[in-house]
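[1] just to be clear, the model below is a prediction. Sequence and coordinates:
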Amino acid sequence: MESRDYRAVCLEGGDQVGKADATNNLFLGLEKLNINLTPSSFPIYSTPIGASIRLLLKQGCPEEILPLENSLEARMALFALNRLEFMAVLLTEPKYSESFLLFDRSPFSNALTISYGLTSLDSCNENDLMKYINMSLDLDSLMISKLGLGRCVVQLQSKRKSWENVRMEQGDQYEREEVQEKCDAVYEMYKGVVGPGWHQVVTKNEFGWRGKGEIYEDILEIIRATYGEMNNIKNGINQPLGFSEITGTLYPEATFDNAKLEVYQTALKDNNKNEMYESAVILGKQVATSCAKVNISDKEVRSEFRRILINVPETVNILRYFLGDIFVEKLLKGLEI
């Protein structure tokens, strides 16, 4: 059952559809309206699990660690675990129910993960696709239901006929034409499952990019139609939930390079992806190595962590491969597995 205590918008879309700009402009606009805000961009690569995701996306890992036939489920499970790191803080801090949650990507971004998985399959019919979509929704079921995420999803779309990598940096495994061209079709299937809470906003048409102000007004109209004016959370308070909050709650006594944290936070703000990725992995590995234990106090989050690690054991293998035996033992001990 969906919770009505939280208000959230999920900004979705393939890569390079202007999502970072749209998210930033929406944040600035809502901030001017004095709405309390908690923005977050997933994956959160600077956590131990997030660092493993980044390394997997960039480097891959040997088939004996992640067999091809289990790769898609394991990837979606890792993304879900990363979001559970976030949920472990959010559900233990009542202040976040008095904040508007602004998500750059969400559980519905598994459309990209599924699209990547399709590139390695000889064939895949609509029933197979729906099986993977339902699998992804089950893995992220706690976050989706607790936050009522199906109420307000905004998929940003490009109407250009072809996709190209226009960034200066080298992309990861998902930033490839064949993956990006499949993801709109997969998103359409998610739209069918989610229903009327799913909205689509065009950011780029055949003439080029639409104006940032136009895109902002389109998204704001959707949010207002869903939640009204939100006058009861207009105190002008920004309540962050990211690396510092997750590390302090889940990974006690962890030590890390504060200068590297500053680099990471600046890169996040400036949307400097190369610098963000590099500093995030360093931070995540430092936290994994130095934390005294793994502490997940919320019972529902603990239960979901346990369920995913037990049902998708490849996740444990991946974490062990990238973060080492000691961190994995701390994680399993903390979850009493």
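    All right, it came through fine. This is a predicted model, so every value here is computed, not measured.
[2] mind checking the backbone torsions on the nearest residue to Gly236 once chain neighbours are set aside?
    Using CB to CB, 6 or more residues apart in numbering and skipping the chain neighbours, the partner closest in space to Gly236 is Asn34 (4.2 Å). C-beta here means a position set from N, CA and C on the backbone, and glycine is covered the same way. Backbone torsions for Asn34, taken as degrees, to the nearest 10, come to phi 70, psi 20.
[3] hmm, Asn235 and Asn34 touching each other?
    Yes: counting by CB atoms under 8 Å, Asn34 does reach Asn235; the two are 6.8 Å apart.
[4] so those two - more neighbours on which side?
    Neighbours were tallied for Asn34 and for Asn235 using other CB atoms under 10 Å; the higher tally belongs to Asn34 (14 against 10).
[5] could I get the pLDDT score of that one?
    Reading off the confidence values, Asn34 has pLDDT 98.
[6] try the one 5 residues further on
    You'll see Pro39 listed with a pLDDT of 98.
[7] and what of Val166?
    Val166 is assigned 48 on the pLDDT scale.
[8] all numbers from here: first residue = 20
    Okay, using 20 as the starting number, the last item reads as Val185.
[9] and the top helix by length along the chain, what does it pack onto?
    Ranked by residue count and defined by DSSP state H, the top helix of the chain is helix 90-109. Packed against helix 90-109 by the contact rule (3 or more CB pairs under 8 Å, 6 or more residues apart in numbering; DSSP states H and E) you find helix 67-78, helix 129-137, helix 145-158, helix 160-166, helix 262-269, helix 318-330, helix 333-342.
[10] where among those helices is average confidence lowest?
    In terms of average pLDDT, helix 129-137 trails the rest of the helices and strands packed on helix 90-109, at a mean of 90.
[11] from the contact counts, what lies against that one?
    Counting by 3+ CB pairs under 8 Å, 6+ apart, helix 129-137 packs on helix 90-109, helix 145-158, helix 196-213.
[12] tell me the contacts of the most centrally placed residue in the chain?
    The centroid of the chain falls nearest to Phe61 when counting by CA atoms, centre = their mean (2.6 Å). Contacts for Phe61 (CB atoms under 8 Å, 6 or more residues apart in numbering) come out as Phe98, Asn101, Arg102, Phe105, Phe122, Asp123, Arg124, Ser125, Ser128.
[13] make it 6 Å
    Taking CB atoms under 6 Å, 6 or more residues apart in numbering as the criterion, Phe61 is in contact with Arg124.
[14] mind listing what's buried in the longest helix of the chain?
    The neighbour-count check on helix 90-109 (16 or more other CB atoms under 10 Å) flags 90-109 as buried.
[15] so where's this protein shaky on pLDDT?
    Low-confidence segments of the chain (pLDDT under 70): 20-23, 139-142, 180-198.
[16] for it, what's the longest strand?
    Ranked by number of residues, the top strand in the chain under DSSP state E is strand 217-224.
[17] picking up where we left off before, out of the helices and strands packed on helix 90-109, the one nearest Val282 is which?
    When these are compared by CB to CB, helix 262-269 sits nearest Val282, at 11.9 Å.
[18] angle of that closest one against helix 67-78?
    Using axes from the mean of the first three to the mean of the last three CA atoms, to 10 degrees, the inter-axis angle of helix 262-269 relative to helix 67-78 is 130 degrees.
[19] with only the CA atoms kept, save the longest helix of the chain in PDB.
    C-alpha atoms of helix 90-109 as PDB (Å, rounded to 0.1, in the frame of the first residue of the first chain):
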ATOM      1  CA  SER A  90      23.700 -10.700 -15.000                       C
ATOM      2  CA  LEU A  91      20.500  -8.700 -15.500                       C
ATOM      3  CA  GLU A  92      18.900  -9.700 -12.200                       C
ATOM      4  CA  ALA A  93      22.100  -9.100 -10.300                       C
ATOM      5  CA  ARG A  94      22.600  -5.600 -11.700                       C
ATOM      6  CA  MET A  95      19.000  -4.600 -10.800                       C
ATOM      7  CA  ALA A  96      19.500  -6.100  -7.400                       C
ATOM      8  CA  LEU A  97      22.700  -3.900  -6.800                       C
ATOM      9  CA  PHE A  98      20.800  -0.800  -7.800                       C
ATOM     10  CA  ALA A  99      18.000  -1.700  -5.400                       C
ATOM     11  CA  LEU A 100      20.600  -2.200  -2.600                       C
ATOM     12  CA  ASN A 101      22.100   1.200  -3.300                       C
ATOM     13  CA  ARG A 102      18.600   2.800  -3.000                       C
ATOM     14  CA  LEU A 103      18.100   0.800   0.300                       C
ATOM     15  CA  GLU A 104      21.200   2.500   1.600                       C
ATOM     16  CA  PHE A 105      19.300   5.800   1.000                       C
ATOM     17  CA  MET A 106      16.000   4.400   2.500                       C
ATOM     18  CA  ALA A 107      17.800   3.200   5.600                       C
ATOM     19  CA  VAL A 108      18.400   6.900   6.500                       C
ATOM     20  CA  LEU A 109      15.200   8.400   5.200                       C
END
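[20] so which bits of the longest strand of the chain are buried?
    If you call a residue buried by 16+ other CB under 10 Å, then strand 217-224 has these buried ones: Trp217, His218, Gln219, Val220, Thr222, Lys223.
[21] cool, thanks, signing off.
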